[in-house]
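> Okay, here's the prediction I keep looking at, along with the sequence it came from:
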Amino acid sequence: MMLLAIEQGNTNTLFAVHDGTDWIAQWRTATEAARTADEYAVWLSQLLEMRGLSIGTLSGCIVSSVVPQSIFNLRNLARRYLNIEPLVVGENAVLGATARIDKPSEAGADRLVNAVGAHLTYPGDLIVIDSGTATTFDVVAADGAFEGGIIAPGVNLSLQALHEAAAMLPRIAIQKPARVIGKDTVSNMQSGVFWGYIALIEGLVARIKAEWGKPMTVIGTGGVVSLFEGATDSIDHFDPDLTLRGLLEIHRRNTHMGA
């Protein structure tokens, strides 16, 4: 089985290929809702060829997207160029996980996939922190159920808002500043965003744990969260492959059900 897994966020879309044993290739592209199946196919086929692969070698496809208007084009990519009916999280994919929230249909595909990937790897009650366009805190019960959580603005979204709303503030890249107290505009902003998000993480983790009332393991995933590794004790494990592991497990569950 050569599986194409597509994980689409609001900012970036990850395409990854699993050969049945390992993830053998991964590529990211900017998320553009209007990108057509044909455009995806040209881009993907060129990257596959650079790895000695071809679209014809792909025999499975699973899609997780938080951009509903893109799903049509991603589904057509699988149907037209892979000759596969893709599994789409939130549509035709059985997750094997419960969403114990007031409106289960509102649970984002990315958060459910993370819940599956986290429960597969870590025992007990969990908090999964995933920072992309938004920073989400997901509570996953010991039985694997998604119990709800928190959505906060993402780091880059906050930087963009500062730059666009304040005429004198430049656009900067996030990095750990040498000091908490900044001595110029850029270091002031870097400290506010970096240490501000550390404080956000530490404060919300503490409040979730207090409300939950039982021991919890905290997992950080997503590209932005990795910037905070070594800067806080609130995150127990940094796991960049959590979402892909969840997608792979969901595909396996659905494949075995159909076997």
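Perfect, thanks for sending it.
> Met1: how many residues sit nearby?
Applying other Cβ atoms under 10 Å, we find 12 residues neighbouring Met1. Any C-beta I mention is one placed from the backbone N, CA and C, and that applies to glycine too.
> Could you measure from the residue nearest to it when sequence neighbours are not counted over to Arg253?
Nearest non-adjacent residue to Met1, counting by Cβ to Cβ, 6 or more residues apart in numbering: Gly20, 4.9 Å away. Counting by Cβ to Cβ, to the nearest Å, the gap from Gly20 to Arg253 is 15 Å.
> Quick check on the two: which one has the bigger neighbour count.
Neighbours per residue (other Cβ under 10 Å) separate Gly20 from Arg253, with Arg253 holding more: 17 against 11.
> just to revisit the earlier point, was I right about the residue nearest to Met1 contacting Gly60?
No: under the criterion of Cβ atoms under 8 Å, Gly20 lies out of contact with Gly60, with a separation of 9.7 Å.
> okay, and the common contacts of the two?
Common neighbours of Gly20 and Gly60, using Cβ atoms under 8 Å, 6 or more residues apart in numbering, are 1-3.
> mind checking the SS state of Val218?
Following DSSP: H, G, I helix; E, B strand; the rest coil, Val218 is assigned to strand.
> what number of residues lie near it?
Residues near Val218, counting by other Cβ under 10 Å: 20.
> What of Thr98?
Neighbourhood size, Thr98 [other Cβ under 10 Å]: 16.
> ok, it - contacts?
Per Cβ under 8 Å, 6+ apart, neighbours of Thr98: 104, 143-146.
> can you do 6 Å?
Ala145 (Cβ atoms under 6 Å, 6 or more residues apart in numbering).
> Likewise for Asn92?
By Cβ under 6 Å, 6+ apart, the contact set of Asn92 is empty.
> at 10 Å what do you get?
75, 85-86, 254 (Cβ atoms under 10 Å, 6 or more residues apart in numbering).
> do Thr185 as well
With Cβ under 10 Å, 6+ apart, Thr185 has these contacts: 168-170, 172.
> again, 7 Å this time
169-170 (Cβ atoms under 7 Å, 6 or more residues apart in numbering).
> what comes up buried for the helix ranked longest in the chain?
Criterion DSSP state H: the longest helix present in the chain is helix 185-212. With burial defined by 16 or more other Cβ atoms under 10 Å, the residues of helix 185-212 counted as buried are 187, 189-195, 197-198, 200-201, 204-205, 208-209.
> ditto for stretch 101-120
Neighbour-count burial for stretch 101-120 [16+ other Cβ under 10 Å]: 107-119.
> go on, stretch 37-48?
37, 40-41, 44, 48.
> Stretch 85-97 now?
Within stretch 85-97, the residues scored as buried using 16+ other Cβ under 10 Å are 86-90, 93, 95, 97.
> try stretch 236-243
Of the residues in stretch 236-243, those with enough neighbours to count as buried (16+ other Cβ under 10 Å) are 238-239, 242-243.
> just how off-centre is it within its chain?
10 Å (Cα atoms, centre = their mean, to the nearest Å).
> How about residues contacting that stretch?
With Cβ under 7 Å, 6+ apart, stretch 236-243 has contacts from 7, 110, 113-114, 117-118, 217-221, 225-226, 229.
> Quote the end-to-end distance of that stretch.
17 Å (Cα to Cα, to the nearest Å).
> on that earlier part again, with the contacts of Asn92 in mind, which one is nearest to Leu162?
Of all the contacts of Asn92, Arg75 has the smallest distance to Leu162: 37.4 Å, by Cβ to Cβ.
> okay but that closest one is in contact with Glu85, surely?
No: between Arg75 and Glu85 there is no contact under Cβ atoms under 7 Å: 8.3 Å.
> three-state assignment of Trp27?
Strictly by three-state DSSP, Trp27 counts as strand.
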